[in-house]
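In: Fold the following and give me the result.
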Amino acid sequence: MRAVLWDMDGTLVDSEKLWDIAMHALYARMGGVLTPEVRESTVGGSAETVMRIVYDDLGLEPTPAAMAESADWLHDYTGELFEQGLPWRPGAKEMLDALTEVGIPMALVTNTRRGLTERALKSIGSHYFTVSVCGDEVDQAKPAPDPYLRAAHLLGIPAEHCLAVEDSVTGTASAEAAGCPVLVVPNDVEVPAGTRRRHVESLGVLGVEDLRTIHAELVADADVRSA
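Out: The predicted structure is shown next:
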């Protein structure tokens with residue numbers, strides 16, 4: 001394990017609760033009611049993916065201009081919520097501090113737009129991350145592998161030597177497709193088991209050596225399966 005690649009929303013910070021508020025506000029603005037099922041389908045999605053889901057759910061014409069305006073409104077609303085402070089997920093800040101102390105490089109890999117990510121980093125602390133990659137900076141956002149491949153490239157470290165930490169189905173699929181072993185710390189959405197992923201209930205029960213062990217075991221398991 002030469003680097004750790006972090007998802008942001010729901011993994012490092014409990015911002016999905018704030019996205020819930022913003023999504024309900026967007027639906028109210030558009031004259032609809034957001035169901036739990038539709039909300040779950042948007043978790044971890046890029047701005048474009050979320051807008052397609054919203055417009056399809058509401059039966060609205062998905063014109064590029066209308067979806068862009070809705071996405072901008074949603075991100076501005078969410079940004080105002082972010083600036084009131086982002087609550088840490090259990091053990092997340094402690095793990096960032098521990099990894100920083102032992103000199104493990106880290107990247108932030110998120111489907112959130114750059115502008116909103118920068119507002120979040122004011123709360124999280126940009127000093128933890130050597131690089132950050134946002135959903136509007138790659139050809140295809142998660143669940144495509146592009147964000148994680150770009151982060152590994154920017155760090156100069158092969159993806160298989162990076163442990164990704166995720167909370168969503170979308171993000172886990174992206175990291176795995178890039179070749180990263182994945183530590184899954186579920187939040188609001190259940191993530192199925194898989195051969196290149198390990199589930200834990202909380203980062204609070206882990207230390208740096210636990211991450212190293214998890215990464216090594218997942219790599220070894222993958223080597224055995226491919227042999």
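In: and the residue nearest to residue 170 when sequence neighbours are not counted, helix, strand or coil?
Out: The shortest distance from residue 170 to any non-neighbouring residue, by C-beta to C-beta, 6 or more residues apart in numbering, is to residue 44 (3.5 Å). From N, CA and C alone the C-beta is placed, and that goes for glycine too. Look at residue 44: counting by DSSP: H, G, I helix; E, B strand; the rest coil, its state is coil.
In: Around residue 44, how many other residues sit close by?
Out: 30 (other C-beta atoms under 10 Å).
In: Also residue 172?
Out: Residue 172: 28 neighbours (other C-beta under 10 Å).
In: Spatially nearest residue to it (excluding sequence neighbours)?
Out: Per C-beta to C-beta, 6+ apart, closest to residue 172 is residue 166, 4.7 Å.
In: count of residues packed around the one you found?
Out: Counted by other C-beta under 10 Å, the residues lying close to residue 166 total 30.
In: Look up which residues are beta-bridged to it.
Out: Legend: beta-bridge partners of residue 166 under DSSP bridges are residue 184.
In: Do I have it right that it meets residue 181?
Out: No: under the criterion of C-beta atoms under 8 Å, residue 166 is not in contact with residue 181, lying 11.0 Å apart.
In: my read: residue 111 touches residue 135, true?
Out: Yes: the pair residue 111 / residue 135 is scored as a contact, 3.7 Å apart, by C-beta under 8 Å.
In: the helices in this protein, which residues?
Out: 16-29, 36-42, 47-58, 64-82, 92-101, 114-124, 146-155, 169-178, 208-226 (DSSP state H).
In: what mean pLDDT does stretch 164-171 have?
Out: Across stretch 164-171, pLDDT averages out at 96.
In: how far is that stretch from where the chain is centred?
Out: Counting by C-alpha atoms, centre = their mean, to the nearest Å, stretch 164-171 is centred 6 Å from the centre of its parent chain.
In: For that stretch, measure first residue to last.
Out: End-to-end span of stretch 164-171 (C-alpha to C-alpha, to the nearest Å): 9 Å.
In: What lies in contact with it?
Out: 4-7, 9-11, 43-45, 109, 111, 142-143, 148, 172, 175, 178, 180-189, 191-192, 203 (C-beta atoms under 8 Å, 6 or more residues apart in numbering).
In: any low-confidence regions in the chain?
Out: By pLDDT under 70, the weakly predicted segments of the chain are 226-227.
In: Which residue ranges make up the domains of it?
Out: Per the TED database, the structural domains of the chain span 1-13+86-224, 14-82.
In: looking at those, which is buried most?
Out: Mean neighbour count (mean count of other C-beta atoms under 10 Å) peaks for domain 1-13+86-224 among these, with a mean of 19.
In: Find out how far that one is from the centre of the chain, if you would.
Out: Relative to its parent chain, domain 1-13+86-224 has a centroid offset of 7 Å by C-alpha atoms, centre = their mean.
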